[in-house]
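> Build the 3D model from these lines:
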Amino acid sequence: MKKAIIAILCCIGSIQISHAQASLPSAPKASPTKEEQELLDLSKSKWQWMANKSVDTLSGLFAENCVFVHMGGSWGKTQELNTIKGGFIWYKKAKVYGASVNIFGNTAILLNDIDLLAVVGSNEVVHAFMVTEVYLKEDGKWKMGSLTFSTLLRPVKMTK
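Numbers count the residues shown, from 1 in each chain. Below is the predicted model:
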């Protein structure tokens, strides 16, 4: 009887822990909520807008005080848009292997496990990144507050 009670308590405890875990790109996919799917779709569109250098569309997505953290430095919205528009960094193709989103009220943190094919200066490069995107809901609309590229140690999976 004592063993059965301990087993039941362990089961209840593991269920509680599994529900408290953050959603990660490598975790098994649960069905996203409507709001989570909206953010995942927005992030996916953002990669295409960056590849197409659609700075007007991106300007509407980026909050005025949005910050960007790259391997070579960090800067704000205006410099990021000028960097994209001027071709200093061309986000040519992002291959997304996993994405997750965690929502905390009016703030969402989205992770993308990607390989990024980019042209930096005149050099084409491919890197594996975990990209952290922070979104803020303002007047019912999600705006990007931050985008950070963190280099992953895994090998690049993308074939050109």
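> What ranges does this protein have for its strands?
62-70, 73-76, 89-104, 107-120, 123-138, 141-151 (DSSP state E).
> Distance check, Asp113 against Ser23.
Using C-beta to C-beta, to the nearest Å, we find Asp113 at a distance of 13 Å from Ser23. Where C-beta positions appear, they are placed from N, C-alpha and C, glycine not excepted.
> quick one on the thing from earlier: go through the strands of the chain and name the closest to Lys34.
Nearest to Lys34 among the strands of the chain is strand 89-104; the distance by C-beta to C-beta comes to 11.2 Å.
> quick one: that closest one to strand 123-138, angle?
30 degrees (axes from the mean of the first three to the mean of the last three C-alpha atoms, to 10 degrees).
> For strand 89-104, which residues meet the burial criterion?
In terms of neighbour count (16 or more other C-beta atoms under 10 Å), strand 89-104 has its buried residues at Ile89, Trp90, Tyr91, Lys93, Ala94, Lys95, Val96, Ala99, Ser100, Val101, Ile103.
> ok, which pair from the residues you listed is furthest apart?
Trp90 and Ile103 (31.1 Å).
> which non-adjacent residue is nearest Ala30?
Ser23 (7.5 Å; C-beta to C-beta, 6 or more residues apart in numbering).
> repeat for Ala22
Using C-beta to C-beta, 6+ apart and skipping residues adjacent in sequence, the residue nearest Ala22 is Asn102, 5.4 Å away.
> try Val131
Excluding the flanking residues, the one nearest Val131 by C-beta to C-beta, 6+ apart is Asn112, at 4.3 Å.
> Distance check, the one you found against Ser43.
From Asn112 to Ser43 the distance is 6 Å (C-beta to C-beta).
> and for these two, which residues touch both?
Counting by C-beta atoms under 8 Å, 6 or more residues apart in numbering, the residues touching both Asn112 and Ser43 are Ala99, Glu133.
> And the contacts of stretch 25-37?
21, 23, 40, 97-101, 103, 111-113, 130.
> list the buried ones in that stretch?
Buried-residue list, stretch 25-37, by 16+ other C-beta under 10 Å: Pro25, Pro32, Glu36.
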